[in-house]
Structure formats: C-alpha cells, structure tokens
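>>> Next one to model:
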Amino acid sequence: MNFWTGLILGIIIGWLVEWLIDWLFWRRDAEEAQQADLVAEERLAAVEPNQAWEDRLANAEQDYQTRLRAVEADWQNRLNLNEQQWQSQFVALEDENRSLRAQVAGPALGLAAASPVMAALEGNEALDLPDEAIFIDEAVIGDLAEEDTNLERLVFDDFDQARDFGELGDIDDDLAERFHLAGVDSIDTLAAADPTILSVATGLERDETESWIDRAAAALPSIETTAAAPAAAPRDDLVRVHGIGPKYAAVLAEAGILSFDDLAQTTPDQLRDIIKPSVMQQINFDSWVGQAVALAHTRSNRAGDDLTQLEGIGPVYAAKLRERGITTFADLAATDEATLSEIVGAPAWRRINYGEWITQAQLAAGGDAIALHELQSRLFRRSGDNLNLIRGMGERSATALQAAGITTFAGLAESTPQQLDEILRGAGVRGGFDYEAWIDEAASRAAGKRIPATRARTIQIVPCPQDLSAVSGIGPVFEERLYAAGVGSYWALAELSDEALTAILDAQSFQDVDLGAIKASAMQLAAETDSLGRRWDGTPPDDFDRLPGIGEVYERRLYEAGICTYAAMAAATPERLADICRAPAMRTPDYLAWIATAAQLAAGRSD
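Coordinates of the predicted model:
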C-alpha cells in the first residue's frame, strides 16, 4: 500500500467515524424531543376535550411568551437595581473616605468632630422626630456613643499626645516615618528628644537632627498659647447629619450654612434650591432639618454624670432621664422603680430591671468602683437558657425573644401567648405558633423535668404554600406535582418517606433524582425560614402574576406572610405590604394598585 492509498483510506474511515458520531447524537436528540412531545401531549390532554388544538397551542405559546417576558423584565430590574446599588455604595465609600481624611488632618478637626456624635444620639428621642428621619436602635446607638466618648477623651485628656508636626510644615512623609519609628510622634516629644539618640535612630546627620529639635522647641510655645486661649466657636461638622457627605457639606458652607443652628433654621425648600438634586435623587431634606434641630438642641445637655456607664442604660434611655432632671448617679439612686418605669416608658415585654439601675447608681454615687465593677460583671456575664431546645422554635424566634429579655425557660414560662406573638411580629417573624406548647415545655424544662425525645413537634397549619422550587432538585414540574399531592411546605417535604416522595414525583427512568439530597435541602430551608412543623392546609393560591409589579421575590415574601389569595391581598393595607415586601426606596411598588386589582379579581370570582 503506497502513501496515497493509505491517505485516501484514512479520509474515508475518518468520515465514516464522524458520520457515526453525528448519527448517535442525532438519535439521542430525537429521543429527547420525542420524550418532550409526550410530556406536552400529556399536558394538552388535561385541557378541556372540546377545545381546538390550535387554541391550545396558541394559549401555550402565549403563556410561554408572557412568562418569558416576565422573567426577562425581572432580571433586567434586578440588574438595574444592582447597578444603582453599587453606584450608590461607591459614592458613599468615596464620601466616607474623604470624611476620614478630613478628620485625621489635625486635632482641630478632631475637636470639631467629637462633640456632635453624642448630641445627635441623645436628642433624637426627645424631639419626637419622624421615624424615617432618624433611626434609633439602642444597641447601635450605644456603640456609637462609646466611640464618641473615647474620641472626646483622646482629644481633651490626651491633647499633648495628639499633636502632630503640622506646625513645622515642611516635614515630608519619609522624615515623619523615620521620626515615628524612633518613637517621636509629636512636636512635644521632638523638642525633648536627645540629638545623639535621635540621630542614630533616624539615620540623619546630627546637625540636621539638632535643627529639627530647635524648630520644634521654637514652635512649642505658640501651640501652648493656641491651646490655652479660648477657642472661637467652631463650625459644626455637618457630615454628622445622616445624608450629608463632604460634597454636600461644602455646598452648604458656600451658602453660609456652617452649623447645626444654621441648618435647623433652613427650610426644606431652601435646601432643595441650594443642593439642586437631580430627578433620580430622593433626598429627605426634612430629615436633615430634624437632625440639625436635635444636634443643636442637645449641645448644652452634657452636664452631669454619664448614665450610660450603668449596665442596661443606653443613650436613648439616658436622654429620657435627663429630660426629667435625672442627670447624676445620685439623682438616679434617689428615684424609685415606678418613676423610672413611667419615665422610660418601655413596653412590658422588655422586662427592664429598674432595681439594678438604682443599685448601680447607688454604688457609683458612693464612689465604690470595685463593688460597681463586680456587680456589672455579674450582670454582663449573666446568661440564659438555650431556647432553641423548645420544640417548634427556630433560630429567628429564639433570637427575637432573647432580644426582648426572655432568655431563660423560666422567663418564657411566665409569658403569655399574646406577649410572645407581639414580640415575634414586632421583630419581623411571622407569628401564629403554638405558644401554649412553648410555655408548657419551658415550664417543664425550668422545673428540671425530662422532655421525652419522641414528643411530637408542634404542627402549624398555614393557608399559603412555600416556594418548593427553592429546594435543591425540585423544578417547576416536580413543584406542581408536590402541590397537587398537598405537600406545600419545606417541613412536609422533608418528612416524606422515600416511597411517598418517589410516587409523588413520578420521575422518568432517565432522570437522576437524589431523594436524600432533596429532603436534606428541604429540612435546611425549614430551619432557615423558621418553619419547622409547618404544613399547608391545601388552599389553592391565586396567580399574583396578574397584579402589576409583583415578581418572584415579592410573591415569595407575600406567601411567607400568609397572603396568597386575591381576598387576602384585598384585605391588606399598603403599610403592611410595604413591611412584607421591603422594597428599595427607588423602586417602591404601587401597593394601592395591587389591592385594587386583587379586590376586582376577588369580586369577579364571587360573581
């Protein structure tokens, strides 16, 4: 066989192999298409027999196109929202970076930035500002107040250590770094440094080192004079107002608004003319004015003891006490529990121990720091029971109860179902659990009684199914089959036996279905959504796609909140829908349109 004969045979053999491979792939695709046709025929067979095939296909095509457009619109909205969020976050980070650079420029800026923090926090509660203007959270405010206190202490008590080399002017970054490594971080320490030691530590010539020491010593008296002289009233750091960054602060300064008092006396319309926001920007100028009023109002209310040093008292409660004239530890120690309860006005479920406040105040007023520290250490270390052991209680419910002061089985046993439901709903957790069972089990655990491991979990029947397509391995087809079988919750799916689940899914032989993975994913979702023990009552939900602006995310949140029918939607209020959907401010849905459309659809069905 010569070369050309072998080449020709090789080409022929290669072509035959390629043809065989193509034929095998074509056969597999034909089988899949045939299987898809069978599934389509089964679905079409479920339609009314007297409907024409052309109408069926047209309806199916229209439904497909509608769903495709909805999915495309939903993803486009998500992409637009993500882009807007990233842009806003980037701008916020740039503003924060510029703000931080401005604050570390020197002690003067530190002094200007130190005082407004606590003033802002203490004044919000007193002036009854709108909720959207100032967000009050005891824990967050406490952290900020502590940061403000530390900053004040650093600025006022340790002023000598805070001086940099700003008065010398021409020290470059390299020389400043050398001084820093040698332990010289201020003009004071530079003026008192030994020339020989500093020369060796920095690597500079002795003459140059002596020159810098002499310049520092000459600059020191002017600094002392400046520090001792009464400072002119500094302009306020308007960046402390939520919503104002360095850019807006500069624009306001150009307009002559330099302090909180200036800003408080400005109307929202005047601010809008000064800032000139774009059409896309939604700036709450009323909030700016309200915060400025609070900051200006509380600037002088700093006298007396720091009541936030007592365990259980944050800036908000401290502000309420100061408003009623309780400004020192002695004042608080002389107040009875009933008066404190009336002043603070906290809801009963917070379970505040005012007696502990009074005891701490007595020790603080008497100067017994050791006893006060020991008492506060005991209060801080005091821990509760693991409420997650209560059957039917998930992590979110346990966290909400602990935040409300119910940290032990005994405390839970003393609660009422109404209190528990109020706490959970106030924390954004859907209520309706078997609170009586929780209370009974908590009483048993508090008494040290053994809880049988085989005790049945509390079952909660709900009118709306959960989104089973979120379970790993469950698609739209399997989801519909589960709904048809009455399985509408993660918990119910996880509790199915392998035989029952196999019968419901009715998977084809070529489908690789991992039943164990499906049930494990369902159980995990049940725990994450605090829906252990939940079952669906089988009420068929309505198609919310007919309501304008409802996508997959909003629909899932509405279902979790128990709104899955037109009647339930029509009975809801815009405020409740806003709490459930948690829509971004720039894309707020038309809740009134949802309610009106749902009412029409529900009325048409009843007719």
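>>> Please count neighbours and contacts with C-alpha atoms only from this point.
OK.
>>> Stretch 403-415: end-to-end distance?
15 Å (CA to CA, to the nearest Å).
>>> so for that stretch, what's the average pLDDT?
For stretch 403-415, mean pLDDT is 85.
>>> Could you do stretch 358-368 as well?
Stretch 358-368 carries an average pLDDT of 89.
>>> likewise stretch 336-353?
Stretch 336-353 shows a mean pLDDT of 80.
>>> quick one: residue 535 is in a helix?
No: applying DSSP: H, G, I helix; E, B strand; the rest coil, one finds residue 535 to be strand, outside a helix.
>>> which residue packs closest to residue 532, ignoring adjacent ones?
Nearest residue to residue 532, sequence neighbours excluded (CA to CA, 6 or more residues apart in numbering): residue 526, at 5.3 Å.
>>> who's in contact with that neighbour?
Contacts for residue 526 (CA atoms under 8 Å, 6 or more residues apart in numbering) come out as 489, 490, 491, 532.
>>> same deal with residue 312?
352, 357.
>>> what about it, is that helix, strand or coil?
With three-state DSSP as the basis, residue 312 sits in coil.
>>> So, low pLDDT: which residues of the stretch 201-350 of the chain?
Along the stretch 201-350 of the chain, segments meeting pLDDT under 70 span 201, 220-234, 279-280, 297-303, 315-316, 347-350.
>>> Now do the helices in it.
Under the criterion DSSP state H, counting those that start in this stretch, the stretch 201-350 of the chain contains helices at 206-228, 246-254, 260-264, 268-275, 285-297, 315-323, 329-333, 337-344.
>>> which of those sits most buried?
Burial of the helices of the stretch 201-350 of the chain is given as mean neighbour count (mean count of other CA atoms under 10 Å); helix 285-297 ranks first at a mean of 23.
>>> Now do that helix: which elements does it pack against?
helix 107-123, helix 260-264, helix 268-275 (3 or more CA pairs under 8 Å, 6 or more residues apart in numbering; DSSP states H and E).
>>> which one is residue 386 nearest to, not counting chain neighbours?
Counting by CA to CA, 6+ apart, the residue nearest residue 386 is residue 408, at 7.5 Å.
>>> okay, now the one you found: neighbour count?
By other CA atoms under 10 Å, 18 other residues sit near residue 408.
>>> I'd guessed it sits against residue 389; true?
No: in this structure, residue 408 is not within contact of residue 389 by CA atoms under 8 Å, at 11.2 Å.
>>> what about the helices of the stretch 201-350 of the chain, which gets the closest to residue 399?
The closest of those to residue 399 is helix 315-323. By CA to CA, the value is 22.2 Å.
>>> For that closest one, name the packing helices and strands.
helix 107-123, helix 138-156, helix 337-344.
>>> What lies in contact with the helix or strand hosting residue 593?
Assigned by DSSP states H and E, residue 593 belongs to helix 591-606. The contact list for helix 591-606, computed with CA under 8 Å, 6+ apart, reads 547, 548, 566, 567, 569, 570, 571, 572, 573, 574, 577, 578.
>>> Now that helix: buried residues?
For helix 591-606, the neighbour count (16 or more other CA atoms under 10 Å) marks 591, 594, 595, 596, 597, 598, 599, 601, 602 as buried.
>>> For it, the averaged confidence score.
86.
>>> could I get that helix in PDB with only the CA atoms?
The C-alpha coordinates for helix 591-606 follow below in PDB (Å, rounded to 0.1, in the frame of the first residue of the first chain):
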ATOM      1  CA  TYR A 591     -49.400  48.800  46.700                       C
ATOM      2  CA  LEU A 592     -52.700  50.500  46.200                       C
ATOM      3  CA  ALA A 593     -52.900  49.200  42.700                       C
ATOM      4  CA  TRP A 594     -52.200  45.700  44.000                       C
ATOM      5  CA  ILE A 595     -55.000  46.000  46.500                       C
ATOM      6  CA  ALA A 596     -57.500  47.400  44.000                       C
ATOM      7  CA  THR A 597     -56.700  44.800  41.300                       C
ATOM      8  CA  ALA A 598     -56.900  42.000  43.800                       C
ATOM      9  CA  ALA A 599     -60.300  43.300  45.000                       C
ATOM     10  CA  GLN A 600     -61.600  43.400  41.500                       C
ATOM     11  CA  LEU A 601     -60.400  39.800  40.700                       C
ATOM     12  CA  ALA A 602     -61.900  38.500  44.000                       C
ATOM     13  CA  ALA A 603     -65.200  40.200  43.300                       C
ATOM     14  CA  GLY A 604     -65.300  38.800  39.800                       C
ATOM     15  CA  ARG A 605     -64.700  35.300  41.100                       C
ATOM     16  CA  SER A 606     -67.600  35.600  43.600                       C
END
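>>> Can you name every helix or strand that the helix or strand harbouring residue 33 contacts?
Assessed by DSSP H and E, residue 33 sits inside helix 3-45. Packed against helix 3-45, as judged by 3+ CA pairs under 8 Å, 6+ apart, are no other helices or strands.
>>> Could you number the chain from 899 rather than 1 from now on?
Taking 899 as the first residue, the last one we looked at is helix 901-943.
>>> Tell me the gap between that helix and the middle of its chain.
Taking CA atoms, centre = their mean, to the nearest Å, one finds helix 901-943 lying 54 Å from the centre of the chain it belongs to.
>>> What's the separation between residue 1147 and residue 993?
From residue 1147 across to residue 993, the span is 11 Å (CA to CA).
>>> which neighbours do these two share?
Applying CA under 8 Å, 6+ apart, one finds that no residue jointly contacts residue 1147 and residue 993.
>>> So what touches the helix or strand containing residue 1457?
Assessed by DSSP H and E, residue 1457 sits inside helix 1450-1458. If you take CA under 8 Å, 6+ apart as the criterion, helix 1450-1458 is touched by 1328, 1362, 1363, 1364, 1365, 1442, 1462, 1475, 1478, 1479.
>>> Closest one of the buried residues of helix 1489-1504 to residue 1085?
Of all the buried residues of helix 1489-1504, residue 1085 sits closest to residue 1489, with 62.9 Å by CA to CA.
>>> what's the spacing between that closest one and residue 1475?
Counting by CA to CA - residue 1489 and residue 1475 are separated by 7 Å.
>>> can you check residue 1304 too?
According to CA to CA, residue 1304 stands 29 Å off from residue 1475.
>>> Could you chop this protein up by domain?
Domain assignment for the chain, taken from automatic domain parsing, gives 995-1126, 1205-1279, 1285-1344, 1357-1438, 1439-1505.
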